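Peer 1: Take this sequence and fold it.
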Amino acid sequence: MSSPASTILRSGHRAENFRAEGYSQVQIGDRYYYNSNPAAPPSPFRNKHFEVPRNASTAFTGREDVCEQLRARCLPSSTSDRRGQQKRYVIHGLGGSGKTQVCLKFVEDHREEFWGVFWVDASSAESLERGYLQIANTCGLEARVDIARRWLSNVSKSWALILDNADDPRLDLSKFLPVGNRGVILITSRNPECMVYATVGSYELGAMNVDEAVTLMLKTAGIRDLSSQSTRESAKPVVLTLGYLALAITQAGAVIRQGRCRIEEYCELYARRRKELLSQQAIQGGDDYRYTVYTTWEVSWEMIEKMSNEAGEDALELLRMFSFLYYESISEEIFSQAYHTLRNSGQSDWMLSHLPKIILRQSYKEWDVDNFRTAISVLLSFSLVYQNKENLISIHPLVHTWIRDRLGQLDEETVWTQTASTVAFSIPWTFQIANYRFRQALIPHIDTCLSFRSEGIFYLEDIGNDCQSMASGIALVYSEAGRVQKALQMTKQVVETRKRTLGEEHPDTLSSIHNLAIRYSEAGERQKALQIMEQVVETRKRTLGEEHPNTLGSIHSLANRYSEAGERQKALQITEQVVEIYKRTLGEEYPDTLSSIHNLAIRYSEAGERQKALQITEQVVEIYKRTLGEEHPDTLRSIHNLAIRYSEAGERQKALQITEQVVETRKRTLGEEHPDTLRSIHNLAIRYSEAGERQKALQITEQVVETRKRTLGEEHPDTLRSIHNLAIRYSEAGERQKALQITEQVVEIYKRTLGEKYPDTLHSLRTLNYFKQSSKNIQERPRVLKGLVRDTRNLKKRSTNLSIRFRNKLL
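Peer 2: Sure, this is the predicted structure:
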């Protein structure tokens, strides 16, 4: 006889006898199976088979969203999204996120809703077969996978089947699903492609929310008072460090519970012994999950290695490189741009031996997307990375560190070099709006990558000019981002190295020195910038000729340096010459021509020719909008200056409206603390003052001064200009003494750093004299008023005496 749970009809047994005794009949092939024991008195328990590997963790916390979906869609009493179909629900996500625990909790809470609950390890075809054979054994069936599967398809009682860890993307799970419309199947997988099996829904299980993560931390740490606010606050840095990953939090709680550290000490311990902490398994962990944080991902790594093809190799190469980039917003463009640099700028021996294979193996003129995207699809299939609607790739912070931790020292250096060179060679030296945005998006990846070497990109200095080219590109990114000191220091090192290795008059050296002068100007060292640019112009005239594009670029920049130094007439004359040559040699709408015409308008404004400046700026803005787009940095720069020109022409309301638009756009595209954004906000305060909104102007100027002090330094010319205007705003608000004191300080710094004849120094001196005169007038006012009062009293007294004498005379 079979087990009591199921009886096979054999010779000598009549089917009628079984049915009469309360058995239900199921026919499979030429055999009949009779389920359940004979009818018995009603029992409070419906569940007969509960074949699960372990209990849910006693510390299980939260996950209400997915639990509610499971209750609504997967209980026998619920209705599926599509009537008449088997209820299949897929939970997918990163290993260690708690997918298995959610399923354990669901079947534990709702055990009595199901006659049978069966658990199958779906990590491989072999484990699936073993699982079905176990079901057959439990239910008294013939030990065949197809028999067990077909039996589930036909049994009339409610059952739930959990296919756990269906992670292998090569496995066709459909072959192991019972057919028909009966039963509930829960599938857990790292592979989001398993959503194809869902009929009533799916859920991506990611990081826990903060409150859930903290509660889980406290439970696993053995803390009884889960409501203590101070304890919960001390746990927040821990769960943040662990990226709100359930398994990592559980392991950390075990470490704390074992007395190795207190909650508030865990982050310090983690910083010193991260690899050890994430690799060890708790002895009394609350559940018997067989993997640690790190080993659960090693399983995925090994499965990709076993693929033994280019897609697998590329996937692992990319994953290693991602670990040296910022863990969010990684774009394919980083790799495609590096490939274009490789093709267009010449392939040095070093580049050919150090760039990643996924780039070097490209054989087409244009970037072939297939290799990269196939590799990414492999990583997605194991939930080792995520991809948003913009195709930007993210990776969990702990996966990010795990990949680096598994690298040996030699591999770590190789992968870092591959990553740093790929990022640096991806930096374009073209200036369309897409190029600006791409360079801006690179900043977190550059910061992350360079942070692993104290020397930054100059760790590769021994490779020669390739290193200097990479450093120059990174300096450009930092300069555009407003990180003037980083850009300056990096450019200084490039110049020093190129002078030593290439010579002072090599074209690459001169390009670096030209950029160095601009970096000094951005950093506020205007006199040094002027001196360097004069030398570059002289050398380029002599070695390249006066009308060579590089020479003209330096002469144009020299005019800007003269303007900054207060030599406005010289700046105007040079700019007029440059514009004339550019128009003749390049055309009127060439970017360099437009840039010089734009600056010519500024020179005319400085010379007092305001109407001419306005007309030219209007023309430049129109061309920029048409050729570059409204949000290109050059367009925004010209619109910013157009607002100033309108203000100079007395069109204050138009100036205010334009400046408000520029501020909004720059905040959105550059960030609130970018120098260009701050420049526009600084001007917006002036526009508000002109419009009579004095209080708003004061508040904005105070914010700009505070930000510029912090980001540029207290003695940077832009900071001093804001402080000077802050004094004016205080004066307008009636705080004249504060205005006077601030202006005195500004004048003193200007005299010391720029000299007494510098335009900004002279402007501040005029403002100071005005404040002093105003203060003197205010001090004299009480004495004048007192005299007026005395004179008035005397006048009244004399008038009274005259009146008395006149009256007496009449009498």
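Peer 1: and after the helix or strand containing Cys267, which helix or strand comes next?
Peer 2: Using DSSP states H and E, Cys267 sits within helix 266-279. Sequence-wise, the next helix or strand downstream of helix 266-279 (DSSP H and E) is helix 293-305.
Peer 1: show me what contacts Leu460?
Peer 2: Contact partners of Leu460, counting by Cβ atoms under 8 Å, 6 or more residues apart in numbering, are 417, 420-421, 466-467, 470. Where C-beta positions appear, they are placed from N, C-alpha and C, glycine not excepted.
Peer 1: and if you look at Lys528?
Peer 2: Here Lys528 is in contact with 517, 520 (criterion: Cβ under 8 Å, 6+ apart).
Peer 1: How about the secondary structure of Ser202?
Peer 2: Following DSSP: H, G, I helix; E, B strand; the rest coil, we place Ser202 in the strand state.
Peer 1: Look up how far Leu171 lies from it.
Peer 2: The gap separating Ser202 from Leu171 is 18 Å, by Cβ to Cβ, to the nearest Å.
Peer 1: Show me where the stretch 501-650 of the chain has its helices.
Peer 2: 507-522, 526-544, 549-564, 568-585, 591-606, 610-627, 633-648 (DSSP state H, counting those that start in this stretch).
Peer 1: Any idea how far apart the tips of stretch 450-459 sit?
Peer 2: 9 Å (Cα to Cα, to the nearest Å).
Peer 1: now it, how far from the centre of its chain.
Peer 2: From the chain centre to the centre of stretch 450-459 is a distance of 21 Å (Cα atoms, centre = their mean, to the nearest Å).
Peer 1: just stretch 315-335 next, same as before
Peer 2: Worked out by Cα atoms, centre = their mean, stretch 315-335 lies 14 Å from the chain centre.
Peer 1: circling back to that earlier point, can you give me the angle the helix holding Cys267 makes with helix 293-305?
Peer 2: Interaxial angle, helix 266-279 versus helix 293-305 (axes from the mean of the first three to the mean of the last three Cα atoms, to 10 degrees): 40 degrees.
Peer 1: For helix 266-279, name the packing helices and strands.
Peer 2: Here helix 266-279 touches helix 229-241, helix 246-257, helix 293-305, helix 397-405, going by 3 or more Cβ pairs under 8 Å, 6 or more residues apart in numbering; DSSP states H and E.
Peer 1: So for Ser123, which of these sits nearest?
Peer 2: Using Cβ to Cβ as the measure, helix 293-305 is the one of the helices and strands packed on helix 266-279 that comes nearest Ser123, at 8.2 Å.
Peer 1: following that closest one, which helix or strand shows up next?
Peer 2: helix 310-322.
Peer 1: Would you confirm that Glu564 contacts Gly524?
Peer 2: No: between Glu564 and Gly524 there is no contact under Cβ atoms under 8 Å: 9.7 Å.
Peer 1: Now list whatever residues contact both of those two.
Peer 2: Pro717.
Peer 1: Now do Lys306, the pLDDT please.
Peer 2: Lys306 carries a pLDDT score of 89 in this model.
Peer 1: Distance check, it against Phe382.
Peer 2: Distance from Lys306 to Phe382, by Cβ to Cβ: 12 Å.
Peer 1: okay, the two: which has more neighbours?
Peer 2: Phe382 (24 against 10; other Cβ atoms under 10 Å).
Peer 1: pLDDT wise, what is that one at?
Peer 2: 89.
Peer 1: list the contacts for Pro759?
Peer 2: 566, 568.
Peer 1: Give me the pLDDT value at it.
Peer 2: pLDDT at Pro759 comes out at 81.
Peer 1: quick one: low-confidence ranges for the stretch 251-400 of the chain?
Peer 2: 281-290 (pLDDT under 70).
Peer 1: where do the strands sit along this protein?
Peer 2: Using DSSP state E, the strands of the chain run over 6-8, 24-28, 31-35, 49-51, 87-92, 116-121, 159-164, 184-189, 201-204, 386-387, 393-394.
Peer 1: I'd like a version of the ones you listed in CSV, one that adds distance to Glu534 and mean neighbour count as further columns.
Peer 2: Formatted as CSV, the strands of the chain follow (distance: least, Cβ to Cβ, whole Å; neighbours: other Cβ atoms under 10 Å):
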stretch, distance to Glu534, mean neighbour count
strand 6-8, 97, 18
strand 24-28, 95, 14
strand 31-35, 97, 20
strand 49-51, 85, 16
strand 87-92, 64, 25
strand 116-121, 76, 23
strand 159-164, 73, 25
strand 184-189, 67, 26
strand 201-204, 61, 19
strand 386-387, 52, 17
strand 393-394, 47, 19
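Peer 1: would you list these in TSV and tack on distance to Val484?
Peer 2: Output for the strands of the chain, formatted as TSV (distance: least, Cβ to Cβ, whole Å):
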stretch	distance to Val484
strand 6-8	79
strand 24-28	78
strand 31-35	79
strand 49-51	67
strand 87-92	46
strand 116-121	58
strand 159-164	55
strand 184-189	49
strand 201-204	42
strand 386-387	35
strand 393-394	30
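Peer 1: Could you tell me the least trusted of these?
Peer 2: Lowest mean pLDDT within the strands of the chain: strand 6-8, at a mean of 41.
Peer 1: show me the contacts for Arg526.
Peer 2: 520, 561, 564-565, 717, 754.
Peer 1: Which among those residues count as buried?
Peer 2: 520, 561, 564-565, 717, 754 (16 or more other Cβ atoms under 10 Å).
Peer 1: circling back: of all the strands of the chain, which lies closest to Gly140?
Peer 2: That would be strand 6-8 among the strands of the chain, by Cβ to Cβ, at 3.7 Å.
Peer 1: Roughly how far does the closest residue to Gln418 other than its chain neighbours sit from His445?
Peer 2: Leaving aside its chain neighbours, Gln418 sits nearest to Pro356 (4.8 Å; criterion: Cβ to Cβ, 6 or more residues apart in numbering). Distance, Pro356 to His445, using Cβ to Cβ: 15 Å.
Peer 1: out of those two, which sits in the more crowded spot?
Peer 2: Higher neighbour count among Pro356 and His445: His445, with 24 against 19, using other Cβ under 10 Å.
Peer 1: Glu333 is in contact with the more buried one, correct?
Peer 2: No: His445 is not in contact with Glu333 according to Cβ under 8 Å; the separation is 11.1 Å.
Peer 1: which ones are touching the residue nearest to Gln418?
Peer 2: Contacts of Pro356 by Cβ under 8 Å, 6+ apart are 317-318, 321, 335, 418, 422.
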